[in-house]
Every structure is written in C-alpha cells, then in structure tokens.
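Visitor: Sharing a sequence plus its predicted fold:
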Amino acid sequence: MDFFGILVGILIEGLIYSIVSFGVYITYKILDFPDMTVDGSFPLGMSITATLTLMGFSPIYTLLISFILGIIAGILTGIIHVKLKVGDLLSGIIMMIALYSINLRIAGRPNLPFFNKDTLFRNDLFISIFGPNNRPITTIVVLLVIVIIVKILLDLFLSTKRGYLLRTVGDNETLITQLAIDKGNIKIMGLAIANGIVAFAGSIYAHDRSFFEISAGTGTLVIAVSNVIIGMQIMNKFHNIKPTTAVIIGSLLYRAVISIAISIGLEARDLKLITAILLLIILILNKFKSTSKVVKR
Amino acid sequence: MIELVNINKYYNPGLITETCVFDNFSLKIKDKQFVSVVGSNGSGKTTMLNIICGSIPIDSGKIIIDGQDITNKKEFTRMKNIGRVYQNPALGTSPHLNIIENLAIAENKNKSFNLSKLYSKSDEERYKELLKGLNLGLEDRCDIPMKSLSGGQKQAVALLMATMTDIDFLILDEHTAALDPKTADIIMELTDRIIKQKNLTSIMVTHNLRYAVEYGNRLIMMHEGKTVIDKEGSEKENIKVDEVLKKFTEISIECGN
C-alpha cells in the first residue's frame, strides 16, 4: 500500500474508533466499569444500519436509531448489574452474548452488504460538494466534523450538574449516597450514554464499509481501552488538554501502530493477536511507570 | 427526634460465626442534642450509625425520625436531611474533582442535577469566602484535585460539604480518628462551631474520651449492644474523663481486653 493509502486508513479507522473510545472513556475511565457490552453494541449499530439502509432509510435515521438501541443495550447491562447485582464484567458479557443473537436476528444473516445504496459518506449532497472521485477526503472531512461535534457535546455534558454526578459516582460512590441520590441510576445512565455512543460509532463504521459483519465487534473493548489508556498517558504529559482530546489522539496513534505492524508484513488475520499483545504491553508499561514513580518518592 | 425502637441485629445469622450486636436495643435522641458515643470495639457504635442511616438492614425493630417510620426507606432517601462524615477522609469528597467542584456538588444536594452549569463565578467567590473561614489556606488551592490535599484538609472540606445544605441531623463516625492530634483538635472545634451555628441534632462516635466529655450535651457509653452510661444536661456537664475511663476499664477487663 502507498503512503497516502496508509495515512487515509489511519485517519478513517482512528476517527471512527475515537468515537467508540469516547463511550469506553465513560465506562472504563469515569465509571471504572470494564463494559464488555460494547463488543455487542458496536455491531448492533452496524446490523441495524445495514438493515435500515436496505429498507431505504436515510443515513440520519440509521445513526439516530443505532444511538437509541445502544442506549437500550446499556440500560439493560446497567439493570443486570445494579438491580440484579451481577458483577460488572459478567453483566457486560451476558449482554454482549445476547446481542450476538439479536444482531443476527436484526440482519437476518452473519454479513449483510449494501454496496449500491447511498450512505453517510456516499450521497448526492457530498458528491456535489467534494466531487465524485474524492471518497477518502469526503469520509475524513465528514468524520472529523462528527468527531468534533460528539467531543464538544460530551465535554459540555461532563461540565453540567448531571455530568458531575457521573464523574463522582466512579470517583466515590459514597458521596453520591450522601447527596441523597441513587448511585445505581447514575451508573445505568453512564452505561446508557456510553453504549449509545458506541452503537452510533458502529453505524458510522457500517456506512464507511457498506456492510454489516457479525464478527466486527470482537475486540471493540480491547481496542478502545488501549486508545483510552494511551490518551490518558498523553494527558499526563500535557496537562492542558482535555481527556476527550487525548482520547482522539490516543485512537489515531494506536491505529498508526497497527497500520505500521501490518505494512511491515503482518497479515490481517494476525490483527486480533496484535491487538491483544499491544494492550498487554500498554498495561505493563502503565504499571511499570506508576511503580517507578512511587520508588522515586 | 431520632428513635430506635426494639432493634435486633445479628451478623451472619444461622452461621457458626453468628454474633448478636443488638438485642432489643432502644434509644431516643431529642432534637438539637449533640450526643457523644464512646465504647470499645465491637460494642455496636458504628453499627448503630449504619442502622440510622440505612447502610445496613436490621432484623427487626423500628427506626423513627421526626415521628415518621423510616425503617424501610433506602439509605439515599434518608440522606436528604442527614449529613455524614466518615473516619476515612477520602469518603467525604470526590478525589479527582477540585475543592470548588466538590463544594458545588454538595451545595446542589436536594436540588435537581440537571443539564445546567455546576457553578457560577459568584458561587466560586462565595466558596472561597467559606474556605477562608476554615483558616487552612485552602482558598488559595482551589483548583488542585482533592486527592492532593492532606487528611485534615480533606476532612475539613468533607465536614463543610456534609453540612452545606439544610440538614437536620449530622452523623460523625469517628471523624477525627485518622488525623494527627493537632489537626483532630482543629476539626473537632470546627465541628462544634458548625453544629451550634446550624442547630443540628448530632451523633458523634469517638474513641477520644476527652472530646466525648468536652463536647456535646449528652454522653453515651456502649458495651455489647447496650448503653452502660447515658448522661445528659447538668449530669453530662459535670462528668469527668477519669470517671468515663474508669467505667471503660471496668467493662474492658470484664470481656478480657
């Protein structure tokens, strides 16, 4: 692949996964909840998008409905964890495995292409703006706009009273009870927003690829957690940037490393292995760093 | 008024490790009373606070606050008019938020946590004035995260936060136990000032007999789920540390400590 092609790939995948990572930032970092649901809600967005697009719905509707279905998935995980008192990891796994069948039901089969339909990135409006042969540029510009909008909305939300409740529940649950507020409901809200965002990202991914593929969700959490951790490391170095900005940079860096690994000879089928090893390295480096800090003091 | 009526509480019921904490325990705490509670470990002091706040369930009995039976109410609903400060200073604040943000969420208690901004510039000035009153120099360190403060500073902010809104009851769960003696004195004085200022009905569990004697207008010593000393009014004013210590040693020898 040429340099330009690799760069385009990094930008497109990195931007889409930065939206996924916004969601996972909420659960993994803010709520301290390793939410496996995302491995199911990402393909949920894809399956509903493929199905609705083939039925003739416009891209805007597919994004909206994916978002809403993701919210519902998150609420269910939250109810399993908060009301039925199942552990955090297991609650997400239960929902993830349930969504596997639900996604097959929605799409009717394990993969569903919609190559000849208008998509978010390939429609009359954008062709008239960017020209017919500028697909990569169109995709990157549209993605950039979406990522910035989602980032700004999330930043705004986190600075509201309700957003502060979300940030506090992961920080110190006891304080939420002190404020006479049901901490369970706040957790459910966080999971709902997170999975809404992830399913929304799944919809965008489907529009980019013009297909649904059931296995596309495998590893979503692992990739997003890697992105978030890289992002947080960057934030520790440069104090003035917001966590959401750091997550975007983390996602792009991560994708760059993966692309380099592939371009130096690793095959696509090795991707999940690279993903797993990369997260392991990140986690070990993270641990090593924090212990060395303590020793210095 | 807080009333505990015929409370029965067992830990691990039915197991070999079954322990009875309360067997038909009753206690009335009148409005505006400031009760100090002392007693050895395992005497049921903290369990009593947890029962009042709803942090743990009871086996039978009734908890009545201001004439209303709240036995079946959840912990978070009870906290509407209760403030609580814990032994662990970290439990009263949000470690990653700064002091101003912490105070702002505390002040919003019992109001709607909606999508409006958490605090305004004028709120910030007001909080800084409030911090000045603590004399800990916190007003100049407003923008650093809570977790970087010392235990005493955290506890001072936690105390402010617990009493910021219109509460009726203040629950203090060994809230000076994790602090050095000098800081503990500062926090204790601050506690007393706030309780008097806001006319709060308070229960303070403490291992510091001097605080128990010096502060408050009622003193209770607990032992094996019962009150062995209960003095209020002028009786409480005349009680001496030595007297409390003597009783304390007596019951300690009894159970072999």
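Guide: Sure, I can see it. Numbering: from 1, shown residues only, chains lettered A, B, ... in the order given.

Visitor: Check the burial of residue 122 by counting its neighbours.
Guide: Since no chain was named, I'll use chain A. Residues near residue A:122, counting by other C-beta atoms under 10 Å in any protein chain shown, number 18. For every residue, glycine as well, the C-beta is placed using N, CA and C.

Visitor: The chain in question should be chain B.
Guide: Residue B:122 has 8 neighbouring residues, counting by other C-beta under 10 Å.

Visitor: now residue B:72
Guide: Using other C-beta under 10 Å as the criterion, residue B:72 is surrounded by 9 other residues.

Visitor: How much space separates it from residue B:61?
Guide: Note on residue B:72: its distance to residue B:61, by C-beta to C-beta, to the nearest Å, is 12 Å.

Visitor: Residue B:188 now?
Guide: 32 Å.

Visitor: who's more crowded, these two?
Guide: Set side by side, residue B:188 and residue B:61 show more neighbours around residue B:188, with 21 against 17, by other C-beta under 10 Å.

Visitor: wait, isn't that one in contact with residue B:210?
Guide: No - Residue B:188 sits out of contact with residue B:210 when judged by C-beta atoms under 8 Å, with a separation of 9.4 Å.

Visitor: so residue B:4 sits in a strand?
Guide: Yes - note on residue B:4: a strand contains this position according to DSSP: H, G, I helix; E, B strand; the rest coil.

Visitor: Run a quick neighbour tally on it.
Guide: Residue B:4 - counted by other C-beta under 10 Å - has 20 other residues nearby.

Visitor: so it touches residue B:58, yeah?
Guide: No - the pair residue B:4 and residue B:58 fails to qualify as a contact (C-beta under 8 Å) at a distance of 9.1 Å.

Visitor: Now do the shared contacts for these two.
Guide: When contacts are counted by C-beta atoms under 8 Å, 6 or more residues apart in numbering or on different chains, residue B:4 and residue B:58 have residue B:51 as shared neighbours.

Visitor: which intervals of the chain have sub-threshold pLDDT?
Guide: I went with chain A, as the question did not name one. Scanning chain A for pLDDT under 70 picks out the ranges A:1, A:289-297.

Visitor: look at chain B instead
Guide: Residues of chain B that meet the cut-off, pLDDT under 70, sit at B:254-257.

Visitor: Flag every residue of it that's near chain A.
Guide: Proximity of chain B to chain A is confined to B:74-77, B:79-80, B:83-84, B:86, B:90-97, B:101, B:104-106, B:108-110, B:112-118, B:161-162 under the rule C-beta under 8 Å from any C-beta of the partner chain.

Visitor: Now the residue nearest the centre of chain B: closest residue in space that isn't a chain neighbour?
Guide: Among the residues of chain B, residue B:172 comes closest to the average C-alpha position under C-alpha atoms, centre = their mean, at 1.4 Å. With sequence-adjacent residues excluded and distances taken as C-beta to C-beta, 6 or more residues apart in numbering or on different chains, residue B:172 is closest to residue B:204, at 4.0 Å.

Visitor: for the one you found, helix, strand, or coil?
Guide: Counting by three-state DSSP, the backbone at residue B:204 sits in strand.

Visitor: Surely the residue nearest to the centre of chain B is in a strand?
Guide: Yes - inclusion of residue B:172 in a strand is indicated when three-state DSSP is applied.

Visitor: Next one: it from chain A, what distance?
Guide: Taking C-beta to the nearest C-beta, to the nearest Å as the measure, residue B:172 and chain A are separated by 13 Å.

Visitor: what's across from that residue in the sheet?
Guide: residue B:85, residue B:204 (DSSP bridges).

Visitor: Stretch B:27-35: end-to-end distance?
Guide: This stretch, stretch B:27-35, spans 12 Å end to end (C-alpha to C-alpha, to the nearest Å).

Visitor: Pull the residues that contact it.
Guide: For stretch B:27-35, using C-beta under 8 Å, 6+ apart, the contacting residues are B:1-4, B:48, B:195, B:199-204, B:215-220, B:227, B:232.

Visitor: hmm, try it at 7 Å
Guide: Contacts of stretch B:27-35 from elsewhere in the structure, counted by C-beta atoms under 7 Å, 6 or more residues apart in numbering or on different chains, are B:1-4, B:195, B:199, B:201-204, B:215-218, B:220, B:227.

Visitor: Can I get the buried part of the residues you listed as one ChimeraX selection?
Guide: Here is the ChimeraX command that picks out the buried ones among the contacts of stretch B:27-35, judged by 16 or more other C-beta atoms under 10 Å in any protein chain shown:
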select /B:2,3,4,195,201,202,203,204,215,216,217,218,220,227
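
Visitor: Could you identify the most distant pair in the contacts of stretch B:27-35?
Guide: Taking C-beta to C-beta as the measure, the contacts of stretch B:27-35 reach their widest spread between B:199 and B:227, a distance of 24.8 Å.

Visitor: my read: residue B:40 touches residue B:252, true?
Guide: Yes - at 5.9 Å, residue B:40 counts as touching residue B:252 under the criterion of C-beta atoms under 7 Å.

Visitor: Neighbour count for the two, which is higher?
Guide: Legend: neighbour count by other C-beta under 10 Å for residue B:40 and residue B:252, higher for residue B:40 (16 against 12).

Visitor: Quick check: phi and psi on that one?
Guide: Dihedral angles phi and psi of residue B:40 (degrees, to the nearest 10) take the values phi -70, psi 170.

Visitor: Could you check how many residues crowd around the nearest residue to residue B:51 once chain neighbours are set aside?
Guide: By the measure of C-beta to C-beta, 6+ apart, the closest residue to residue B:51 outside its immediate chain neighbours is residue B:58, 5.6 Å from it. Number of residues near residue B:58 (other C-beta under 10 Å) recorded here: 21.

Visitor: For the strand or helix carrying residue B:10, which helices and strands make contact with it?
Guide: Take DSSP states H and E as the rule and residue B:10 turns out to sit in strand B:2-11. The criterion is 3 or more C-beta pairs under 7 Å, 6 or more residues apart in numbering or on different chains; DSSP states H and E, and the helices and strands that strand B:2-11 contacts are strand B:19-29, helix B:45-53, strand B:60-65.

Visitor: Sheet partners, orientation included, of the shortest one?
Guide: Taking DSSP bridges as the criterion, strand B:60-65 forms sheet pairs with strand B:2-11 (antiparallel), strand B:68-69 (antiparallel).

Visitor: Taking strand B:19-29 as reference, get the angle to it.
Guide: Direction vectors for strand B:60-65 and strand B:19-29, defined by axes from the mean of the first three to the mean of the last three C-alpha atoms, to 10 degrees, enclose an angle of 30 degrees.

Visitor: Please list the outside residues in contact with strand B:60-65.
Guide: By C-beta under 7 Å, 6+ apart, the residues outside strand B:60-65 that reach it are B:2-8, B:51-52, B:69-71.

Visitor: Would you indicate which residues of it are buried?
Guide: Buried residues in strand B:60-65, counting neighbours by 16+ other C-beta under 10 Å, are found at B:61, B:63, B:65.

Visitor: Repeat that for stretch B:29-49.
Guide: Of the residues in stretch B:29-49, those with enough neighbours to count as buried (16+ other C-beta under 10 Å) are B:29, B:33-40, B:42-49.

Visitor: can you check stretch A:31-45 too?
Guide: A:31, A:33, A:35-45.

Visitor: Can you pull the phi/psi pair for the spatially closest residue to residue B:82 that is not a sequence neighbour?
Guide: Once its chain neighbours are removed from consideration, residue B:82 has its nearest residue in residue B:169; the separation is 4.6 Å (C-beta to C-beta, 6+ apart). With angles defined as degrees, to the nearest 10, residue B:169 shows backbone torsions of phi -120, psi 140.
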